[in-house]
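A.B. asks: generate a structure from the sequence data that follows.
(one chain, ligands or ions: 2)
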Amino acid sequence: MPSPFEKLQRYIRLESERGYDNRAVVGGLDKIIPWWEPEARTSTVAEETLQAILERLRAYPKAESEDRSRLVGELEILLEPLSKLPRAERPPRPQPAKTAPRPEHLNRPAHPVRSPERPSGNLPAHSSQPTRPPQPRTSPAALPSHEALDQGLRAPVTVLQGIGPSNAKTFSALGMNTLDDLLHYYPRRYDDYSQMKPINRLNPGEVVTILAAVKRIDNRNLHGKREITEAIVEDGTGALRITWFNQPWLANRLPVGTQIVLSGKVEMYLGRLVMNSPEWEYLEQEHLHTNRIVPVYSLTAGVSQKQLRKAIYQVASFWAPRHPDFMPVSIRETGNLIPLSTALVQVHFPDNPEKLAAARERLAFDEIFLLQLGVLSQKRSWQVATAQTFTAPEEWLQSIEAELPFALTGAQKHALGEIHSDLASGHPMERLLQGDVGSGKTIVAALAMASVAREGAQSALMAPTSILADQHYRSLTRLLCADEPTPGKPFKPSEIRLLIGDTSEADRQEILAGLANGEVKFLVGTHALIEDPVSFQRLQLAIVDEQHRFGVAQRAALRNKGENPHLLVMTATPIPRSLALSVYGDLDLSILDEMPAGRMPVETHVLLPLERERAYQLIRTQLKAGRQAFIIYPLVEKGDRDDESKAAVDEHARLQAEVFPHEKIGLLHGRMTPEDKDAVMKQFRDHEIDILVSTSVVEVGVDVPNATVMLIEGANRFGLAQLHQFRGRVGRGDAQSYCLLIPETDESIENERLKAMVETNDGFVLAERDLQQRGPGEFLGTRQAGFSELRMASLTNVRLIEKARQLAQLLFTQDPELSQPQNQALKAEMSHFWGNGRGDIS
Ligand code: ADP
Ligand code: MG
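C.D. replies: Ligands and ions are numbered 1, 2, ... in the order given. Predicted structure coming up:
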C-alpha cells in the first residue's frame, strides 16, 4: 500500500517527466490537496513539513516553468525521508479486545470502505471530503494478544461491510467463512498497474494507469444485445476512447467532468488507441483496483473481483498488520524472512514486485516449515510406537520365490529385505516403495503380505480403481495360492478376497465374516475397504497402491482399521531421491530402480501430423498379429478449450467409420461414470476390444501385456510425467512395443519433452530432466501427499523446500516437543495447521 508520500512522489515524478506542464494531475497538481492532505495527516509527519509541502503544491500551478522544476525538486527532497513514514492511529480507533472479544469488535470497527457509488450526478470532482478506507498500518500501536487475534479472525465474513448473508454463501463456496480464511485467500495473480503515464505517451500493448477526466460518455446497443458504454477521457495531453461492456450504469456513475483513474491495457483499434474494459476508480478515493499492483483472485459466480478485493482489503488493512508472528526470531533471522504481518499485507496489496516476492517467500516458507516440523514429529511418534514383529524364515520365503513365474530382480530383493527388517523391528513400518511403471511393485507387496499372513495376521491392499484391485487380486491368488497349499503356494484361495463396489451382497457378508473371524488373511479392494462396516480381526499391514490417488484421510482410515499396523505406500511417480526426502520426510524410502529382465524397451518415435497414416499402418499390422493398441487424445470434446485439438469422442467415431472399420474400438473419457470406465477397461483387458481410444484418464497402472502400441495425439500438450505414464501402458509383455507421439503441428516436433521421450525409457532420468526444466510440480501433482492444501508453497521451488526442511530439522533437534517459551506461538500454529488437516503425510 503506497503511503500518501509515496503517492505524491509518483505524481511529481510524472510531472517532471512531462516537463512541468501541470498536467500529471487532471486540473493541476494542487487538485490533489483536498484528498491528499487528510491522508497525509494520518501519518506522523511534522506539521511544519506538511505545511511546507502544501505551500509548494498550492504555488505550483501559478509558477513559471523554471520555478516549477525547482518546486518539484524541493518536493522531492521533502518527500524522500517521508515516504517510509509509519502511519499513526486515527480515530475511531479499532479496539481489539484484551480478552475474548466478541465479533462485534469487527463490526465496522475500523473505517468503512467507501462504496464507489457517488451520491449524485454532477458533483465537482474534488468538492467533497472523501471518506477513506483504512490504511494498512505497519506499526500498529497495540498488538492484541494471540488469543484475541485468533478470536477476531474467527469472526464470520459477514462482520465486514458490504458482506451480507447471501454474499457469505458465495464466499463460503470459495472456502472463505472467517476473516482468517479471507486473509489467507491469496491472489491467483496480479495486474501491475503501477506504471502511470500521460495519454500522449501511451503505446499499444502497454498495461498502464492514466489519470483523466470524463469528456463524453454514453451507452449504445450492439446488435441489440450487448450494451456498450463508450467514453472519451482527457488528461490535457490527449484524449482516449474507453469502452465497457454490459455495465450501462457506468454512464450515471461517471458523468462528464468526473476525474478518474483508469488501469488496463492500451490497444490499437482502427488506427486509434483505446482501452477496453479498464479497471477504474474515482481519483480521490483510495486506489484498490487501479494505479498499483492489483491482486486478482479466483472467483466464483456471485462475487466480483472488486467486491472480493474490498472485503480482503478490509481484513488485510486492519488485521494483517496486527498479526503476531509465530515464527521464532532465530528462524526468521536465519531464514532471512520478513515479518508475517508485512507478508500478509504485501501478498494482497504489494507496494512493488520485490516486496511481493518477499511476502510470497515468507508465506510459502511457513507452509513447508510447518509441514516439515509435523512430519518430523510424526516420524518420532511412530518410532516410539510398538508394532507386532513378523519374521518369516528365509527358507519359507525362498520356497515361494522358487515357484514364481520369474526371478525377482535385484531391486525387488533389496526392497523386500528392507521391508522384512521393518516388519521385524517391533516398530510400525512407514515405507514408501517407489518404482517406475512395470518395475514389479505388486509382487513385493504380495510377499510382504504373505509374511504377515504366515503368522495368522491380516493385511489389506487398497488400489484406486476396481480394475486395478481386481488385477492385484488375481496376481496375489495366482502367485500365492493353491487349492491344496504347498510350501511354494502356502495359502488357500479363500484366504484372499476382493472387496469392491460391485461385490455382491452375499459375497460381502461372507468377506465381512471372514475378516472378523480371521479366516480372510488378504483383503484387496478399492476405497470400499475403508468404508464401514469393514472391520478386521487383526490388521497388521496396510498397503496403499498408487498412493497419490488417495487423499490423506483415506490413507489414515485404512490404517485406523488396525492398531499401529505396518504401512507400505507404493507409487510409480519417479521422484529424485533428494526431493523425495523433502516431500516424504517421514517415510523410509525403497526404490525399484531396475526393470525385470527380458523387458524390451519400448521403441518411441515422434511423427509429423502428416505421417499419421504410417501410425495407423503400424497399428493394423500389430492388430493382425493379435495385439492391441491405445490411442490417446488430449481433450474430451471439441471446443472444450481449443477447437484444434483432437477430441476423443469425435475421433472415436471417425476412426471406427473410416480408419479401422473392421476392428472393435472402445472409448474411455473422464465424463464417464467410474463403473462405465471400469467396464470398458475390462473389455480391453479381456481383448473384447482391439483399440482403446482414450483421454488421459487411462493413466492408472493397468496391466494389459497384450497391448503393444501407444499412439499419443497432441503429444506436445502433455507433460513429461504423463507421457511416460502413458508409455508405461505398453511394453509390459515380452513382445516389442511402440510408442508413437504425434504433436499438433510440425513445429512442435522440436519439443524438448518429445525428444527426451525418444532418448530414454528411464522414468528417473526423465524426472531429473523435468526437474531441471520446470521444477518438480509436474511430477508431484498438487494432490501429492501432504501438499494438497498448500496455498502458497509450490513444489517447483526446491531451494525453498530445502531451506524450510533444514531449518525445521534444526529447530526439531533443539526443541522436539516445542516446549521452550520462544516456541509457544509456533506450537499453537502447528496445532492449528495440522488440526485443519492442512498438512498430513501418510
Ligand atoms: P508396477 O510396478 O507398475 O505396479 P507390476 O507389479 O504391475 O508393476 O508388474 C508389471 C509386470 O511385470 C507384471 O506383469 C508382473 O507380473 C511382471 N513382473 C514383476 N516382477 C517381475 C520380474 N522380476 N521378472 C519378470 N516379470 C516381472
Ligand atoms: Mg502397480
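A.B. asks: dump the residue contacts of residue 444.
C.D. replies: Contact partners of residue 444, counting by CB atoms under 8 Å, 6 or more residues apart in numbering, are 412, 415, 416, 419, 433, 592. (Each C-beta comes from the backbone N, C-alpha and C, glycine too.)
A.B. asks: hang on, it in a helix?
C.D. replies: Yes: judged by DSSP: H, G, I helix; E, B strand; the rest coil, residue 444 forms part of a helix.
A.B. asks: how close does it sit to ligand 1?
C.D. replies: For residue 444, the distance to ligand 1 equals 8 Å [CB to the nearest ligand atom, to the nearest Å].
A.B. asks: cool, and residue 465?
C.D. replies: Distance check for residue 465 against ligand 1: by CB to the nearest ligand atom, it reads 13 Å.
A.B. asks: thought that residue was touching residue 668?
C.D. replies: No: counting by CB atoms under 8 Å, residue 668 is not a contact partner of residue 465; they are 11.8 Å apart.
A.B. asks: now do the strands in the stretch 51-200 of the chain.
C.D. replies: 189-192 (DSSP state E, counting those that start in this stretch).
A.B. asks: in it, which spans are helices?
C.D. replies: Assigned by DSSP state H, counting those that start in this stretch, the helices in the stretch 51-200 of the chain fall at 65-79, 146-153, 165-173, 179-183.
A.B. asks: then the stretch 701-842 of the chain?
C.D. replies: In the stretch 701-842 of the chain, the segments counted as helices under DSSP H, counting those that start in this stretch are 720-727, 752-759, 763-774, 798-814, 824-835.
A.B. asks: these into CSV, with extra columns for mean pLDDT and distance to ligand 1?
C.D. replies: CSV is the format used below for the helices of the stretch 701-842 of the chain (pLDDT from 0 to 100; distance: least, CB to the nearest ligand atom, whole Å):
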stretch, mean pLDDT, distance to ligand 1
helix 720-727, 85, 10
helix 752-759, 90, 18
helix 763-774, 71, 10
helix 798-814, 85, 26
helix 824-835, 83, 31
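A.B. asks: so can I have CSV of those helices showing mean neighbour count?
C.D. replies: Compiled in CSV, those are given as follows (neighbours: other CB atoms under 10 Å):
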stretch, mean neighbour count
helix 720-727, 23
helix 752-759, 18
helix 763-774, 18
helix 798-814, 18
helix 824-835, 16
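A.B. asks: I'd like to know which of the helices of the stretch 51-200 of the chain is closest to ligand 1.
C.D. replies: Closest approach to ligand 1 among these (CB to the nearest ligand atom): helix 165-173, 38.5 Å.
A.B. asks: verify the contact between residue 614 and residue 607 for me.
C.D. replies: Yes: look at residue 614 against residue 607 with CB under 8 Å: they come within range, at 6.5 Å.
A.B. asks: of those two, who's got more company?
C.D. replies: Counted by other CB atoms under 10 Å, residue 614 and residue 607 do not tie: residue 607 has more neighbours, with 18 against 14.
A.B. asks: I figured the more buried one hits residue 741, correct?
C.D. replies: Yes: the criterion here is CB under 8 Å, and residue 607 meets it with residue 741 at 7.0 Å.
A.B. asks: ok, now how distant is the closest residue to residue 714 other than its chain neighbours from residue 766?
C.D. replies: Leaving aside its sequence neighbours, residue 714 sits nearest to residue 634 (CB to CB, 6 or more residues apart in numbering; 4.0 Å). Here the distance between residue 634 and residue 766 works out to 19 Å (CB to CB, to the nearest Å).
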